[in-house]
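> predicted model, plus sequence, below.
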Amino acid sequence: MEETTKRKTLYVHVPTNIVRNEEIFLNNEEFAMYTRLCFLHFRNPEDNGNILKLDHRTLMNFLKITDTRTFKKRINHLHSLDLIKNRIDKVPTKGKINIVFNDSIAEGRAFTKLSASIFTYFNNDQIDTYAFRQIFYYKSRINKNLDGNGHDYCFSGFESITKRFRISKTKVEEANRQLKKARLLKIVKHKLEPTHEYLDDELQYDRYNNHYFVADILH
């Protein structure tokens, strides 16, 4: 779990099981908060260890949270899942808060790495929390082997995404539109070979398994 600089590009690393809602469930707003804390933790001065000394107002503004009750609810849900080690029951009017980041929960886990520029697209309202989560998910499914023989795209069906993140098909489609408009995602329709699995009486439906390409700028 270390910050990586390559060609002066900063990256954020998030445990893949959390990206995919495996074992731990986070809604998209909570995932955006946790991802930001991951990034801040990797940039944290070494002498602070796992203690993040944060201006909570700045963090709230970044995450588009307008009231402290919502902020505390999301933070404390992370605490209930042991992603951070302390509860936040009160936030000061001025000054900073300390959040104790739990990096041990990710030991031995695979990570999904994305350019930290993804935060800029979110902060500029080009993408919302649904699109933010979805691009991480697509990236987590791309299998690029070190020898270059892996795919540079992933397969993801609407049904699996809606079930995994407990959202509607409409939300998935809207997130894809935002990502395509921001030029962060390319979707290529890939028609499956017809099989009897897709027969319904005399009607046979065309089925598609889309190929999702994450923009090079995020790799």
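Alright, I've got the coordinates. Numbers count the residues shown, from 1 in each chain.
> name the SS class of residue 13, please.
With DSSP: H, G, I helix; E, B strand; the rest coil as the basis, residue 13 sits in strand.
> look up which helix or strand the spatially most central residue of the chain falls in, please.
Per CA atoms, centre = their mean, the C-alpha nearest to the average position across the chain is that of residue 133, at 3.6 Å. Residue 133 belongs to helix 129-141 when assigned by DSSP states H and E.
> other SSEs contacting that helix?
Identification of packing neighbours for helix 129-141 by 3 or more CB pairs under 8 Å, 6 or more residues apart in numbering; DSSP states H and E yields helix 16-19, helix 28-42, strand 111-115, helix 118-123, strand 154-155, helix 158-165, helix 169-181, strand 211-214. C-beta here means a position set from N, CA and C on the backbone, and glycine is covered the same way.
> make a markdown table from the ones you listed and add mean pLDDT to it.
Formatted as a markdown table, those follow (pLDDT from 0 to 100):
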| stretch | mean pLDDT |
| --- | --- |
| helix 16-19 | 97 |
| helix 28-42 | 97 |
| strand 111-115 | 97 |
| helix 118-123 | 98 |
| strand 154-155 | 88 |
| helix 158-165 | 92 |
| helix 169-181 | 97 |
| strand 211-214 | 94 |
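> in TSV, list these along with distance to residue 92 and mean neighbour count.
Shown next, in TSV, are the helices and strands packed on helix 129-141 (distance: least, CB to CB, whole Å; neighbours: other CB atoms under 10 Å):
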stretch	distance to residue 92	mean neighbour count
helix 16-19	29	21
helix 28-42	19	21
strand 111-115	32	20
helix 118-123	24	18
strand 154-155	43	16
helix 158-165	34	14
helix 169-181	35	17
strand 211-214	39	19
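> make TSV from these and add distance to residue 64 to it.
Output for the helices and strands packed on helix 129-141, formatted as TSV (distance: least, CB to CB, whole Å):
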stretch	distance to residue 64
helix 16-19	21
helix 28-42	9
strand 111-115	19
helix 118-123	9
strand 154-155	28
helix 158-165	19
helix 169-181	15
strand 211-214	24
